[in-house]
Structure formats: C-alpha cells, structure tokens
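Colleague: got a predicted structure here, sequence first:
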Amino acid sequence: MKWLVSLILLATFSFAHAQAWKTLPKGVRILGYRNVTTSKISSNFNRTGGESSLGTEVKLDGKTIDALSGYMLSQGLGMSQAGIDALQAGTYKVDAQAQFNVQGMGFGWGLTDKLMVYGEVAYYTAQIHARLKRTAGNTYKETAQIEEKTGNASSGAVAPNLRSAPDITENTIQSYITNGNGYKPLGDWYGTGYGDMETGLMYKAIDKGTTGLLLYPGVVLPTGRQDDPDILQDVGFGDGQYDFFGEMASGYLVNDALSFGSTFRYTYQAPTTKKLRVPTSRDNSLSNTKGDFTVKYGDKLNYMVNGTYKFNDWIAITPVYRFMYTAKSKYGSDFTAANQILAYNTDRMEHQAQMTATFSSITPFLKKQFLLPAQVNINAVQTIAGRNVPKATRFEIEFRMLF
C-alpha cells in the first residue's frame with residue numbers, strides 16, 4: 001500500500017502546444033485543470049510481471065511460528081520436524097481495493113518567446129478498503145497425532161498442549177496488529193490532501209518549423225502528505241524529499257493534420273530521513289520497533305511517444321505509449337538487516353497505453369473564428385504491463401485556457 005499513490009500521480013500537464021517543442025509566446029499565460037479518477041484497483045503486477053491480488057496472504061505455519069517465537073517449538077519444546085512441518089494455525093488473506101480521485105491545477109507564463117515558467121500541484125482523495133479473512137483453519141489435532149507417534153518424551157508432552165491450544169481467529173490477528181505492535185486497526189481508510197508540487201522552466205532550444213527541441217529542468221517540492229508508519233493500509237500523497245529532473249521534448253510535423261512527439265525525463269530523488277518500522281524479515285513486515293532511516297529512493301526514467309491526427313481545427317486524437325522505470329531504493333540505519341529488507345524488490349517498471357481526444361478552439365481563435373482560446377482533453381489510460389505496480393485504469397478530463 002505504501003507505494004501505491006506514487007504510481008498513480010498526475011502526468012505532467014505538458015503546457016506545450018500540439019508541436020511538442022513549442023512554448024508560450026511572451027506575456028501569454030495558460031491555466032490548466034485536470035480531474036483524474038481511477039477504476040477500483042484490486043490487483044498489481046508483481047516482481048515477476050505476473051498479475052496478483054493487491055492484498056496479501058499470510059500462512060501462519062509451524063516454521064513461521066517457530067521463527068517468531070525465537071525457535072521455542074524446535075529448541076525450547078523439542079517438537080519434531082515432522083510436527084513443525086504439519087503445524088498450521090491458519091491462513092489469512094487481506095482483501096484490498098483502492099480508488100483515487102485527483103484534481104490538479106497548473107499554471108504557465110511565457111517570459112520570452114523561447115522561455116516559459118510553469119508550476120502544478122494536485123489534491124488527492126483516496127479510499128482504501130481492506131478486509132482480513134481467514135481462508136484455512138488450524139491443524140492442531142493432526143499435528144498432535146504426529147507428535148504422539150514420535151515416541152520421545154518432549155514430543156509426547158507437546159501433544160496435549162496442541163489439543164488445548166486456542167484457535168487464532170481474525171480478531172486474534174487484529175489484536176496482535178494493534179496491541180502487540182502498536183498499529184491502528186486494519187480496515188477501511190479514507191484520506192485527502194495535497195501532493196508534491198512541481199515547478200520548472202521550459203526553453204525552446206530548436207524550432208525549424210516542422211521539427212524542434214524543448215528543454216526543461218525542474219524540481220518537485222515535498223509538499224504532499226507522507227504515509228503514516230502506524231497505519232498499514234494508508235497511502236501518502238508525496239514521498240517526502242526533493243526531486244530534481246531534466247526533460248526534453250521533440251517532435252516532427254508531417255503536415256497540418258499529422259504530427260509526432262516524444263519526451264524523455266530523468267529524475268534524481270534526493271536522500272531524506274524518515275522514521276519507519278524496523279522489519280525483521282521479508283515475509284513479515286509487522287514490527288513493534290521504529291527507527292530513523294536515511295532513504296534514497298531510486299532515480300526515475302520516463303519516456304513517452306505519441307502521434308496526433310487533427311480531423312480539423314477543432315478535433316484531434318492522440319494515441320500515447322508511456323514507459324516508466326524507478327531504480328531500487330537504498331536505506332541506511334543502525335539496523336543492518338532491516339536496511340536490506342526494506343530495499344528488497346523496490347525497483348518498478350510500468351508500460352502504459354493512452355488515448356486522448358482533444359477539442360480545441362485555439363486555432364479558430366487565432367483565425368478570429370472563436371472568442372476564447374481554450375482546449376479540452378479527454379484521456380483514457382491503462383497500465384498494460386509492469387513490475388511492482390498496480391494494474392490501474394485512469395479516466396481524465398483536462399481543461400486549458402490561454403489568456
């Protein structure tokens with residue numbers, strides 16, 4: 001859950017016109033509003049690229065219980081290996097589902113005919129539904145029978161205790177989460193707040209009429225709400241550190257109706273300090289201990305290519321392919337094992353397909369055929385493949401106005 005929102009962030013408003021390398025003329029301003037709604041997200045692409053449930057399933061078996069208890073079963077009670085292998089307190093599944101609505105505002109201003117400044121920020125509304133279900137019962141009776149057949153004194157003494165052991169229900173697990181580890185109860189979560197703010201410059205480096213190049217450096221400010229280490233099912237709307245990026249956009253105008261464009265962005269995520277839970281194993285993220293960690297999230301690569309076909313001065317369609325990659329994160333603290341556990345499997349990759357329908361009065365305005373220069377984009381975005389990312393569908397509507 002902690003990484004979910006970072007993968008559903010608003011795409012950059014891209015204040016350039018249809019030609020990807022264009023900037024606003026000197027003194028012209030643009031105001032943009034975007035509303036994004038996701039489908040209900042219930043699955044993700046896992047570390048092998050396969051699709052799996054957004055929630056998690058935990059099997060509380062003999063090996064896990066032995067490890068969590070400091071090997072009390074095998075070393076303290078002398079339980080047989082066959083008994084430990086057969087022991088199961090239960091299997092528990094967290095059914096999780098998430099949905100987001102994001103409203104973004106952006107502003108751009110042409111400082112010269114080649115240079116413009118812009119800024120954007122988003123406001124998030126998130127709903128997380130999480131339900132703990134028990135999908136398999138205990139094997140206390142079967143394990144007791146195995147222990148009775150071993151014939152040794154230690155195993156024979158274990159059997160009566162197994163037969164009278166209390167059943168571990170969903171309420172027991174909830175109590176372990178809250179009373180044993182200090183988390184807030186697992187369940188539904190609702191949150192609102194601002195995300196991180198992005199600002200930067202756009203410079204038209206090359207403009208040859210039918211082709212060109214736009215360069216823009218920028219920074220992402222840590223204005224967004226961060227996730228709470230005491231709430232398992234919450235999400236943050238920002239990741240708590242400064243990001244510095246450089247992007248370039250280029251394109252080719254085939255004729256008045258057809259054009260192509262592409263962008264490439266590299267983002268450096270600066271290190272920051274966070275107070276996090278200290279995990280003890282990859283299989284069990286629950287912990288009753290917190291610690292201070294230096295966190296360096298992995299740098300990002302974003303690539304986008306599109307083609308635009310204009311039916312006339314008013315209507316156009318744009319298919320888009322987008323690739324995003326985030327390198328592995330690094331953690332530093334006095335908890336050496338926890339550093340490696342937290343960093344494990346933190347790289348991410350995503351392939352998106354998008355279709356945009358554009359309704360624009362900008363060209364008619366320039367031809368003095370319409371009163372106001374404005375544009376409406378309707379986007380449908382689908383994650384088609386990836387690794388460690390949610391399988392999400394986004395529906396977006398965006399309004400831009402020049403003045």
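Modeller: Thanks, I have it. Computed from a predicted model, the values in this text were never measured in an experiment.
Colleague: hey, where'd the strands end up in the stretch 201-350 of the chain?
Modeller: All strands of the stretch 201-350 of the chain, identified by DSSP state E, counting those that start in this stretch, fall at 211-221, 243-253, 258-269, 272-277, 290-296, 300-310, 315-326, 330-332, 348-360.
Colleague: in the first one, which residues are buried?
Modeller: The neighbour-count criterion (16 or more other CB atoms under 10 Å) identifies 211-216, 218, 220 as the buried residues of strand 211-221. C-beta here means a position set from N, CA and C on the backbone, and glycine is covered the same way.
Colleague: got those residues as a markdown table, with pLDDT and distance to Leu342 columns?
Modeller: Formatted as a markdown table, the buried residues of strand 211-221 follow (pLDDT from 0 to 100; distance: CB to CB, whole Å):
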| residue | pLDDT | distance to Leu342 |
| --- | --- | --- |
| Thr211 | 94 | 45 |
| Gly212 | 94 | 43 |
| Leu213 | 95 | 40 |
| Leu214 | 95 | 38 |
| Leu215 | 95 | 36 |
| Tyr216 | 91 | 33 |
| Gly218 | 96 | 28 |
| Val220 | 95 | 22 |
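Colleague: show me how far the strand or helix carrying Tyr124 is from its chain's centre.
Modeller: Taking DSSP states H and E as the criterion, Tyr124 maps to strand 115-136. Relative to its parent chain, strand 115-136 has a centroid offset of 8 Å by CA atoms, centre = their mean, to the nearest Å.
Colleague: what's that strand packed up against?
Modeller: Using 3 or more CB pairs under 8 Å, 6 or more residues apart in numbering; DSSP states H and E, the elements in contact with strand 115-136 are strand 88-110, helix 170-175, strand 189-194, strand 197-207.
Colleague: from the chain's centroid, how far away is the second one?
Modeller: Helix 170-175 sits 28 Å away from the centroid of its parent chain (CA atoms, centre = their mean).
Colleague: for stretch 180-199, list every residue counted as buried.
Modeller: Counting neighbours by 16+ other CB under 10 Å, one finds that the buried residues in stretch 180-199 are 183, 186, 189, 191, 193, 195-198.
Colleague: correction: the previous question concerned stretch 103-122.
Modeller: Applying 16+ other CB under 10 Å to stretch 103-122 flags 104, 106-110, 115-122 as buried.
Colleague: so which of the residues you listed is the closest to Thr263?
Modeller: Tyr118 (14.2 Å; CB to CB).
Colleague: what distance do you get for that closest one to Gly27?
Modeller: Applying CB to CB, to the nearest Å, the value for Tyr118 to Gly27 is 15 Å.
Colleague: count the neighbours of the residue lying closest to Thr112 once chain neighbours are set aside for me.
Modeller: Excluding the flanking residues, the one nearest Thr112 by CB to CB, 6 or more residues apart in numbering is Lys26, at 5.1 Å. The tally of other residues near Lys26 (other CB atoms under 10 Å) stands at 13.
Colleague: if we can go back for a sec, what's the closest of the helices and strands packed on strand 115-136 to Phe45?
Modeller: Here strand 88-110 is closest among the helices and strands packed on strand 115-136 (CB to CB), at 14.8 Å.
Colleague: chain center to the closest one: distance?
Modeller: Distance of strand 88-110 from the chain centroid (CA atoms, centre = their mean) equals 7 Å.
Colleague: quick revisit: which pair in the buried residues of stretch 103-122 spans the largest distance?
Modeller: Maximum pairwise distance in these, criterion CB to CB, is 24.9 Å, between Leu115 and Ala122.
Colleague: in this structure, which helix or strand is least confident?
Modeller: Within the chain, no helix or strand scores below helix 153-163, which has a mean of 72 by mean pLDDT, DSSP states H and E.
Colleague: could I get the phi/psi values of Ala165?
Modeller: phi -70, psi 140 (degrees, to the nearest 10).
Colleague: hang on, the earlier thing: buried ones in the helix or strand following the strand holding Tyr124?
Modeller: Once the chain leaves strand 115-136, the next helix or strand it forms, by DSSP H and E, is helix 140-150. Neighbour counts over helix 140-150 (16+ other CB under 10 Å) mark 140, 143-144, 146-148, 150 as buried.
Colleague: hang on, the earlier thing: reformat the helices and strands packed on strand 115-136 as JSON lines; add distance to Lys290.
Modeller: Shown next, in JSON lines, are the helices and strands packed on strand 115-136 (distance: least, CB to CB, whole Å):
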{"stretch": "strand 88-110", "distance to Lys290": "22"}
{"stretch": "helix 170-175", "distance to Lys290": "20"}
{"stretch": "strand 189-194", "distance to Lys290": "20"}
{"stretch": "strand 197-207", "distance to Lys290": "28"}
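Colleague: using JSON lines, lay out the ones you listed together with distance to Asp283 and mean pLDDT.
Modeller: What follows is these, written out as JSON lines (distance: least, CB to CB, whole Å; pLDDT from 0 to 100):
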{"stretch": "strand 88-110", "distance to Asp283": "13", "mean pLDDT": "90"}
{"stretch": "helix 170-175", "distance to Asp283": "15", "mean pLDDT": "87"}
{"stretch": "strand 189-194", "distance to Asp283": "24", "mean pLDDT": "92"}
{"stretch": "strand 197-207", "distance to Asp283": "37", "mean pLDDT": "95"}
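Colleague: can you tell me which of the ones you listed comes nearest to Leu276?
Modeller: Closest approach to Leu276 among the helices and strands packed on strand 115-136 (CB to CB): strand 189-194, 18.5 Å.
Colleague: so that closest one versus strand 115-136, what angle?
Modeller: Comparing the axes of strand 189-194 and strand 115-136 via axes from the mean of the first three to the mean of the last three CA atoms, to 10 degrees yields an angle of 170 degrees.
Colleague: strand 189-194 vs strand 88-110, what angle?
Modeller: 20 degrees.
Colleague: partner strands of strand 189-194, parallel or antiparallel?
Modeller: Within its sheet, strand 189-194 is paired with strand 115-136 (antiparallel), according to DSSP bridges.
Colleague: what mean pLDDT does the strand it pairs with get?
Modeller: For strand 115-136, the mean pLDDT works out to 91.
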